[in-house]
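Peer 1: A predicted structure for the sequence below; I have some questions about it.
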Amino acid sequence: MTLVTEVRLRRVLDSRGNPTVEAEVTTESGGFGRAAAPSGASTGEYEAIELPAEEAIAAARERAVPRIEGQVYAGDQRGVDAALRGADGTPDFSAIGANSAVAVSMAAAKAGADMLGAPLYQHLGGAFRGDSFPTPLGNVVGGGEHAADATDIQEFLAAPVGAPSVADAVFANAAVHAAVADLLAERDIPAAKGDEGAWAPAVADEEAFAIVAKAIDRVEDEVGFDIRMGLDVAAAELYDGERYVYADTERTTDEQIDYIAGLVEDYDLAYVEDPLDEDDYEGFAALTDRVGSRTLVCGDDLFVTNTTRLREGIEVGAANSILVKPNQIGTLSDTFDAIELARANGYDPVVSHRSGETEDTTIAHLAVATDAPFIKTGAVGGERTAKLNELIRIEANA
Ligand SMILES: C=C(OP(=O)(O)O)C(=O)O
Ligand SMILES: [Mg+2]
């Protein structure tokens, strides 16, 4: 192991055109890693704190960099992350910003891999990783906080569960995305794209279900393997404290549970993320009890990649899956802890991008390193294809 000799931080663009934090870590032996923080729009209330990029960079330069340069070893990821936590001193990274923390944490991991001459997934996951691959969940239609005047449900996802390879799955999702465009054109429905590259038509959720189901059918016929549908309801964004408020109706918690259980049945959903509010462990548990044997019920805003919140959920049977976003918690060590806790309790980890992204590919390696069954990282668009193409490369070279 060699010491980290330099940590550099700068502002770079994210996919929404906003500034985000990029970090570079150099080691004594010349190892180098670069990584950038993503940024959410439908952020969970309990996520670690993202500071304005300039502020996060200034705070990290003052507090964290002196504790890392010449102090920690790049291959010792827990040491790097402990230094970040110690420098920050708050439970939610509100002093240096989770954006600075996660950028440094990921850059240090890449520097560690570079020193070893190993791909990042092997450095993170061990020498024997790389022989099983996640199924990509592709966002093909969306709205919510990711697009104005589109669907209430934030993400309609293609889940190519029968694909024989990552490459086949990635191309199937792109084909579903293209088939949705054809179906929208056939119906004279104009559509821009949302933050993650999904189509964002001004249609009711009901019509979006019909279009995505048909697009999936068409592509299934072409590719000859099973593609199912998934959702990120992002229900915390719909909940007003009493009811779930949709464009054309409102639902009580019981009605929301019935509604989602009905959708699982009607559309044979493989995956349902955040079907209820981020504080409603009980509602989650009631839904998981009803549909958990046939679909993944995944907590994103509910768990925020946080082991304390995940433990609470496990105790009440709130879900059977956790969304994993490193910037929700601030370091790769905390991220791994959440994944391990999930695994030990039969929860499937689903590694995920954010709506604001960069060309950074760390999450592709994280998914392979941890043997995650799914990764959610869009279907098209440069910052999304960066991860998807990296998965294709990892699969080809592993
Ligand atoms: C990726 C998501 O969106 P955001 O990054 O806006 O939280 C999500 O909610 O799963
Ligand atoms: Mg989500």
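Peer 2: Nice, I can see it. Ligands and ions are numbered 1, 2, ... in the order given.
Peer 1: Backbone torsions only: list them for the residue in the chain that ligand 2 sits nearest to.
Peer 2: Residue of the chain nearest ligand 2, by Cβ to the ion: residue 300 (3.5 Å). Where C-beta positions appear, they are placed from N, C-alpha and C, glycine not excepted. For residue 300, the backbone dihedrals (degrees, to the nearest 10) come out as phi -110, psi -80.
Peer 1: Hmm, it is touching residue 352, no?
Peer 2: Yes. Look at residue 300 against residue 352 with Cβ atoms under 8 Å: they come within range, at 7.3 Å.
Peer 1: Common neighbours of these two, please.
Peer 2: Residues touching both residue 300 and residue 352 (Cβ atoms under 8 Å, 6 or more residues apart in numbering): 323, 325.
Peer 1: I'd like to know how many residues surround the closest residue to the residue of the chain closest to ligand 2 other than its chain neighbours.
Peer 2: Excluding the flanking residues, the one nearest residue 300 by Cβ to Cβ, 6 or more residues apart in numbering is residue 323, at 3.8 Å. Using other Cβ atoms under 10 Å, residue 323 is surrounded by 25 other residues.
Peer 1: Touching, residue 323 and residue 350? I think so.
Peer 2: Yes. Contact criterion Cβ under 8 Å: residue 323 and residue 350 qualify, at 5.2 Å.
Peer 1: Which residues are in contact with each of the two?
Peer 2: In contact with both residue 323 and residue 350: 273, 298, 376, using Cβ under 8 Å, 6+ apart.
Peer 1: Show me what from the stretch 151-300 of the chain comes close to ligand 2.
Peer 2: Selection of the stretch 151-300 of the chain residues close to ligand 2 by Cβ under 5 Å from the ion yields 232, 300.
Peer 1: Shouldn't residue 231 be within a helix?
Peer 2: No. Per DSSP: H, G, I helix; E, B strand; the rest coil, residue 231 lies outside any helix segment and is strand.
Peer 1: so who does it touch?
Peer 2: So residue 231 contacts 153, 155, 156, 157, 263, 269, 271, 272, 273, 275 (Cβ under 8 Å, 6+ apart).
Peer 1: Now do the helices in the stretch 51-200 of the chain.
Peer 2: Applying DSSP state H, counting those that start in this stretch to the stretch 51-200 of the chain gives helices spanning 53-63, 65-68, 77-88, 98-116, 120-125, 166-186.
Peer 1: where's the shortest one relative to the chain centroid, distance-wise?
Peer 2: For helix 65-68, the distance between its averaged C-alpha position and the chain's averaged C-alpha position is 29 Å (Cα atoms, centre = their mean, to the nearest Å).
Peer 1: contacting residues around it?
Peer 2: 4, 7, 9, 80, 83, 84, 86, 87, 104, 108.
Peer 1: How many residues are close by the residue lying closest to the third one once chain neighbours are set aside?
Peer 2: Closest residue in space to residue 9, ignoring its immediate chain neighbours: residue 57 at 4.5 Å, by Cβ to Cβ, 6+ apart. As a burial measure, the neighbour count of residue 57 was computed by other Cβ under 10 Å and equals 25.
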